[in-house]
Structure formats: structure tokens, C-alpha cells
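Colleague: sequence and predicted structure are below.
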Amino acid sequence: MKLGDDIRLISVRIIAILYICMLYVGFGIFITYMLDEYGYHDIFVDSDNDKSDSVFVLIYELGLMIGILGIIAFIGRNIVQLIPFPLNGVCGFEYDHVRELTSGAVFFVIMFNFSASIQHKISTLQAKLNIYKTKKYNNVVRVV
């Protein structure tokens, strides 16, 4: 292979990775929006009353929400693999061999970071744990 062919192959590979990331980000934001608007409110009926929930209930609901995201990331990754790449076969490039295509980590991270419901659960859980921490250490004398 000549140097020019190598540069073309690397360029096509970079374009493929950008293409995959754009698909993951687009689908991830869309699915997260749909879950926040319609999905989680139907599953967690009492989600507006998080302050009265115990820590164990919050951890269970957060784990369930993350599990749902994991399942959707798995399904979404398989759907993205079915979308063809326009430059497949250029300079001997094979789209199916790109590792980023078979990794759903980007998809999961995008959905996790953009989910307002999950962020709300995490902040409520942190506030609840800080309350327990201050109650526990409130009677401790601090020596400075």
C-alpha cells in the first residue's frame, strides 16, 4: 500500500467513527427525551414525591432506570449496526470491522448524561445521604 492509500483509508475510518458517533448522539438524545417525557413517569408513578422515599427505594429506582437504559443501549446499538455507511468499500474499508460500531458505551453514556430523570434521582439520593451523614456526625465534637 502506498502512503496516499493509507491516508485515504485512515480518512475514511475517521469519517466512519464520526458517522457512528453522530448516530449514537442523535438517537441517544431522542430516546432520552422520549423516556424522560413519557417512559419514566409511567413506570415511576410517585416520582414527584422523591423526598419521602427511603434511600433503598431511591437506589432501587435508580438501578431500574439505569437497567432500562442499558437494555435500550443494547437494542439501539444493534439498530445502528444495521444503518449502512455510504463510504463502505472505499479504499478497501470495511464498515463492519470498526470497533466503535459494536460498542454501545457511547450510546449509554449519552443517554445517561442527558437523562433529566436520572440526574434528578441522583441529586435526590445525594441530598438524602447528606441528611443521614449530618444526622450521624452532628453530635461529634470537632477539634481543629
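Modeller: Sure, I can see it. Residues are numbered from 1 along each chain as shown.
Colleague: packing partners of whichever strand or helix holds residue 129?
Modeller: Using DSSP states H and E, the element containing residue 129 is helix 116-136. Applying 3 or more C-beta pairs under 8 Å, 6 or more residues apart in numbering; DSSP states H and E, we find helix 116-136 packed against helix 55-82. The C-beta positions use only the backbone N, C-alpha and C, and glycine is treated the same way.
Colleague: tilt between the helix it packs on and helix 116-136?
Modeller: Orientation check (axes from the mean of the first three to the mean of the last three C-alpha atoms, to 10 degrees): helix 55-82 against helix 116-136 gives 150 degrees.
Colleague: centre of the chain to helix 55-82, how far?
Modeller: Chain-centre distance of helix 55-82: 8 Å, with C-alpha atoms, centre = their mean, to the nearest Å.
Colleague: list the buried residues for it?
Modeller: Neighbour-count burial for helix 55-82, counted by 16 or more other C-beta atoms under 10 Å, picks out 58, 61, 62, 65, 66, 68, 69, 72, 73, 76, 77, 80.
Colleague: likewise stretch 107-127?
Modeller: 107, 108, 110, 111, 112, 114, 115, 117, 118, 121, 124, 125.
Colleague: related to what we said a few turns ago, same list (the buried residues of helix 55-82) but as CSV, adding distance to residue 22 and pLDDT.
Modeller: What follows is the buried residues of helix 55-82, written out as CSV (distance: C-beta to C-beta, whole Å; pLDDT from 0 to 100):
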residue, distance to residue 22, pLDDT
58, 34, 84
61, 32, 85
62, 29, 87
65, 25, 87
66, 24, 89
68, 24, 88
69, 20, 88
72, 18, 89
73, 16, 87
76, 14, 87
77, 15, 85
80, 10, 83
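Colleague: ok, so of those, who is nearest residue 21?
Modeller: Nearest to residue 21 out of the buried residues of helix 55-82 is residue 80 (C-beta to C-beta; 10.3 Å).
Colleague: select the longest helix from the chain.
Modeller: The helix that spans the most residues within the chain, counting by DSSP state H, is helix 3-34.
Colleague: chain center to it: distance?
Modeller: With C-alpha atoms, centre = their mean, you get 17 Å for helix 3-34.
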